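> Structure for this input, please:
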Amino acid sequence: MMQRKLRMGMVGGGKGAFIGNVHRMAAVLDGRIELVCGAFSSDPARSRESGRDLYLVPEKRCYGSYAEMFAAELKLPVGERMDFVCIVTPNHLHAPVALAALAAGFPVVCDKPMTLTVEEADTLRDAVRRSGLPFCLTHNYTGYPMVKQARELVRSGRLGAVRRVVVEYPQGWLATRIEEGGQKQASWRTDPKRSGASCCMGDIGSHCENLAEYVTGLKIQELCSDLSTFVKGRELEDDGNVLLRFDNGARGVLFASQIAVGEENPLRIRVYGEKGGLDWRQEDPNSLVLMWPDRPREILRTGAPGTSPVVAYNSRIPAGHPEGFIEGFANLYRNFATVLAARLAGTSPDPLAVDFPTVDDGVRGMKFIAAVVASSQNGGRWTPLAG
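Here you go, the predicted structure:
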């Protein structure tokens, strides 16, 4: 077992960024990782300013670009240079930064969606496979303990064959055109040059797709979508409805919206099988509701007796103490760190740690986004989700 912390470099996530700080908090939560360097903005001056003002890293390791960072870190002794890089830029930079990192020999943690296009996703998957390096995509909702419990229940067969999946993620923060006022998070997410072909589905609909496939173990085979842009002047969609057909014959409904006024982040998934169903909501993440045809509902709680060992593995505090968004992210980082540390030590990781979204999940996500956009543009025509 390694007797030191893993050293992380970060690309993006500077002043004014939301997700960068989330990643920094999550990465260090378990004491396995430390941030040692960064290129925190595409503007060299702003990158160095961010490193200084946010007290992130020593000035000498606050770089003006990711290319400069990779080159400089490779010149450092193996015992000092970063061990992996975290990418928290807008979407259009994910692929070039990840490809450069892999070429330099650095494993990657990347925010979602993985790339700007399906073609970039395929290229990145090929690069990851050639390199043999660990790659984690931060679909953070798979890190919740009771999401993992839901997956274990489906795998065990207790619900029977899955027949229907309902997954939804409504938000209200883009109900007006706040990007016009320079709101940083809205500005790039609604810009097709930086966000890609989709806003709502790329940002939160992709979480729904990933959660549905993660919990059920099924693959979306084809879909039919209806996307809408309700806010005048906005280039990308801010609302969407999708019908799903899974590879076992199950049917599903996926709904995502960023103009659902008053909604915060009530991500929810329901799975109905031949023998029973389940219901998980992010607004009550420590609870999983089980539904049966012949007896009252059950509520499983994080930390309570009767849950799968995977729940205890992904929990840090006793039952009744809330764990949530940051801890879900942290579970991905801890598992990634365990796998990377084992690789560096030449050992095998705990099997429970080999559980985080990979580059293949990223390719699925990009194909989902492309199929959703294509279906809607073709009047809701059923469209295959290839690969």
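
> what about Pro357, neighbour count?
Close neighbours of Pro357, defined as other Cβ atoms under 10 Å, add up to 24. Every C-beta, even on glycine, is put in place using the N, C-alpha and C of the backbone.

> is it true that it lies in a helix?
No - the assignment for Pro357, made by DSSP: H, G, I helix; E, B strand; the rest coil, is coil rather than a helix.

> quick one, phi psi at it?
phi -60, psi 140 (degrees, to the nearest 10).

> and if you look at Asp53?
phi -70, psi -30.

> what do you get for Gly240?
Taking degrees, to the nearest 10, you get phi -160, psi 150 for the backbone angles of Gly240.

> Hmm, Met201 and it touching each other?
Yes - assessed by Cβ atoms under 8 Å, Gly240 is found in contact with Met201 at 5.3 Å.

> For Asn314, give me its contacts.
143-145, 148, 331 (Cβ atoms under 8 Å, 6 or more residues apart in numbering).

> do the same with Lys232
Lys232 neighbours (Cβ under 8 Å, 6+ apart): Arg177.

> ditto for Ser228
237-240.

> need these in JSON lines with secondary structure, neighbour count and distance to Leu290, can you?
As requested, the contacts of Ser228 are arranged in JSON lines below (DSSP: H, G, I helix; E, B strand; the rest coil; neighbours: other Cβ atoms under 10 Å; distance: Cβ to Cβ, whole Å):
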{"residue": "Glu237", "secondary structure": "coil", "neighbour count": "28", "distance to Leu290": "35"}
{"residue": "Asp238", "secondary structure": "coil", "neighbour count": "26", "distance to Leu290": "34"}
{"residue": "Asp239", "secondary structure": "strand", "neighbour count": "23", "distance to Leu290": "31"}
{"residue": "Gly240", "secondary structure": "strand", "neighbour count": "25", "distance to Leu290": "29"}
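
> just the residues you listed now: which is nearest Leu223?
Lowest distance from Leu223 to those (Cβ to Cβ) belongs to Gly240, with 10.7 Å.

> pLDDT score assigned to that closest one?
Note on Gly240: pLDDT of 98.

> just to revisit the earlier point, and for Gly240 and Met201, which residues touch both?
225, 227, 256, 372.

> which among the residues you listed gets closest to Leu35?
The nearest member of the shared contacts of Gly240 and Met201 to Leu35, counting by Cβ to Cβ, is Ala256 at 31.8 Å.

> Tell me what the closest one is bridged to.
Legend: beta-bridge partners of Ala256 under DSSP bridges are Tyr169, Gly240.

> That one and Gly202 touch, don't they?
No - shown here, Ala256 and Gly202 do not form a contact pair, counting by Cβ under 8 Å, at 9.8 Å.

> Looking only at neighbour counts, state which of those two leads.
Legend: neighbour count by other Cβ under 10 Å for Ala256 and Gly202, higher for Ala256 (30 against 26).

> which residues does the more buried one contact?
Ala256 is in contact with 168-170, 200-201, 204-205, 208, 239-240, counting by Cβ under 8 Å, 6+ apart.

> Go again with 6 Å.
By Cβ atoms under 6 Å, 6 or more residues apart in numbering, the residues touching Ala256 are 169, 200, 204-205, 208, 240.

> Can you tell me which of the residues you listed are buried?
Among the contacts of Ala256, those classed as buried by 16 or more other Cβ atoms under 10 Å are 169, 200, 204-205, 208, 240.

> Closest one of these to Val57?
Nearest to Val57 among the buried ones among the contacts of Ala256, counting by Cβ to Cβ, is Ile204 at 30.9 Å.

> Who are the contact partners of the closest one?
Counted by Cβ under 6 Å, 6+ apart, Ile204 has contacts 169, 256.

> Are we agreed that it is in a strand?
No - Ile204 is assigned helix when assessed by three-state DSSP, not a strand.

> tell me the pLDDT at it?
You'll see Ile204 listed with a pLDDT of 98.

> and Gly249, how many residues sit next to it?
Around Gly249 there are 11 other residues, counting by other Cβ under 10 Å.

> what do you get for Ala197?
19.

> got the contact list for Gly14?
Residues in contact with Gly14 (Cβ under 6 Å, 6+ apart) are 40-41, 50.

> Restricted to strands, list these.
Secondary structure from DSSP state E places none of these in strands.

> neighbour-wise, which of these leads?
Phe40 (29 neighbours).

> Once you drop chain neighbours, what's closest to it?
Distances taken as Cβ to Cβ, 6 or more residues apart in numbering place Gly14 nearest to Phe40, at 3.4 Å, with adjacent residues excluded.

> where does that neighbour sit relative to Asp43, distance-wise?
Distance from Gly14 to Asp43, counting by Cβ to Cβ, to the nearest Å: 9 Å.

> and if you look at Glu283?
37 Å.
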